[in-house]
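Novice: Structure, please.
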Amino acid sequence: METRADDFYPTRLERPSQAFERLEPVIHSTGADRTQGPLSESELAQYERDGFLVFNNFLDAETVRRFQQDLRAYERDDNVLRSEGTITEPGKQEIRSIFGIHELSPRFDRLTRDPKILDMVHQLLGSDAYIHQSRINFKPGFHGKGFDWHSDFETWHAEDGMPRMRAVSFSIALTDNTPFNGPLMLVPGSHKTFVPCVGRTPEDNYQSSLKKQELGVPNERDLGRIVDQHGIKAPTGPAGSLIIFECNTLHASNANMSPWPRSNLFFVYNSVENQLEQPFCGNKPRPDFLGNRSATEALQPVNTGDLQRTG
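Specialist: Model (predicted):
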């Protein structure tokens, strides 16, 4: 595939290419915009250094319980199970992920517009933002499969046409995340380096990659070098905990061999100044539930004090 002139992060190449330093700042706000928000200067410095932040008990127990009720209802809903945005485990009917969850759940939609969250997003992205993607990841006890090492930005750039690194993910635990049930693993500092990946992207690659990702995975040499340099962190915490991580931070998770399920909400904010273009891999765009192109106006904050009651 011939590289486009406007492609600052070439990937999905025919042969290995050198990793290189990111071209954008990690934190896009400057001056007063950087200091006017919920995140302290020390938290901003940690995010800039590591590419992620962790807040235990971000949601109260009653709000978490309501989300857990919603989750159990989705698992029993045949319409949800048959939806294109619902991904099952390879060879099984157990749910792996439900995408576009903010469009299914009024409660989740309101959470994405929480004023404190949007203020944090504005601090990090330096602009208003919209939801690029949302999902619930399920890992049932004993059977939940892992997620391979990857940078979300690499996929969003190649397959969705996200031009620059100006997006951030929020992950909220709906169950306790322990060392044993496959918690999120992150490589601190990896967000500062872009690792091009090898392999032509087939059309509709998402239909298989969401079950098991094989393209868009760094080669073992690059991954080993980066992990040897930076190490791996696996934040754990009670249900209701929040992890914020930068779009280029390398992350993965192991299979869940414990009897305890692990389920997390994910919602991704993209800057309104970083709208999707044609996918840089040369294919047609993925469906909107994976790379939103139809509702990209700035999110407006709403009162989320009634999350416990919102249906």
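Novice: where does the stretch 101-250 of the chain dip in pLDDT?
Specialist: Confidence mapping of the stretch 101-250 of the chain against pLDDT under 70 gives the ranges 208-212.
Novice: show me where the stretch 151-300 of the chain has helices.
Specialist: Secondary structure of the stretch 151-300 of the chain (DSSP state H, counting those that start in this stretch): helices at 152-155, 206-209, 220-230.
Novice: right, so of these, which gets closest to residue 273?
Specialist: Nearest to residue 273 among those is helix 152-155 (15.7 Å), distances taken as Cβ to Cβ. Every residue, glycine included, has its C-beta placed from N, CA and C.
Novice: who's in contact with the closest one?
Specialist: Residues external to helix 152-155 that are found in contact with it (Cβ atoms under 8 Å, 6 or more residues apart in numbering): 9, 11, 162, 165, 167, 169, 194-195, 197, 209, 216, 247-249, 251, 268.
Novice: Pull out the buried members of these.
Specialist: Buried residues within the contacts of helix 152-155, defined by neighbour count using 16 or more other Cβ atoms under 10 Å: 9, 11, 162, 165, 167, 169, 194-195, 197, 209, 216, 247-249, 251, 268.
Novice: What values do phi and psi take at residue 72?
Specialist: Dihedral pair for residue 72: phi -60, psi -40, per degrees, to the nearest 10.
Novice: what's the spacing between the residue lying closest to residue 35 once chain neighbours are set aside and residue 123?
Specialist: What sits nearest to residue 35 in space, not counting adjacent residues and going by Cβ to Cβ, 6 or more residues apart in numbering, is residue 41, at 7.1 Å. Counting by Cβ to Cβ, to the nearest Å, the separation of residue 41 from residue 123 is 11 Å.
Novice: Compare those two (neighbour count), which wins?
Specialist: In terms of neighbours (other Cβ atoms under 10 Å), residue 123 is the more surrounded of residue 41 and residue 123; the figures are 22 against 9.
Novice: For the residue lying closest to the more buried one once chain neighbours are set aside, give me its contacts.
Specialist: Distance criterion Cβ to Cβ, 6+ apart; nearest residue to residue 123, sequence neighbours excluded, is residue 37 at 3.7 Å. For residue 37, the contacting residues are 29, 119-120, 122-123, by Cβ under 8 Å, 6+ apart.
Novice: Closest to residue 58 out of those residues?
Specialist: Nearest to residue 58 among those is residue 120, at 10.7 Å by Cβ to Cβ.
Novice: quick one, phi psi at the closest one?
Specialist: Comment: the main-chain dihedrals of residue 120 come out as phi -70, psi -40, following degrees, to the nearest 10.
Novice: thinking it is in contact with residue 34, fair?
Specialist: No: under the criterion of Cβ atoms under 8 Å, residue 120 is not in contact with residue 34, lying 11.9 Å apart.
Novice: Which of these two has more residues huddled nearby?
Specialist: More neighbours sit around residue 120 than around the other of residue 120 and residue 34, counting by other Cβ under 10 Å; the figures are 24 against 16.
Novice: ok, residue 203 - how many residues close by?
Specialist: Using other Cβ under 10 Å, residue 203 has 10 neighbouring residues.
Novice: Apologies, that question was intended for residue 198.
Specialist: Residue crowding around residue 198 was assessed by other Cβ under 10 Å; the count is 16.
Novice: which residues does it contact?
Specialist: When contacts are taken as Cβ under 8 Å, 6+ apart, residue 198 is in contact with 12-16, 219.
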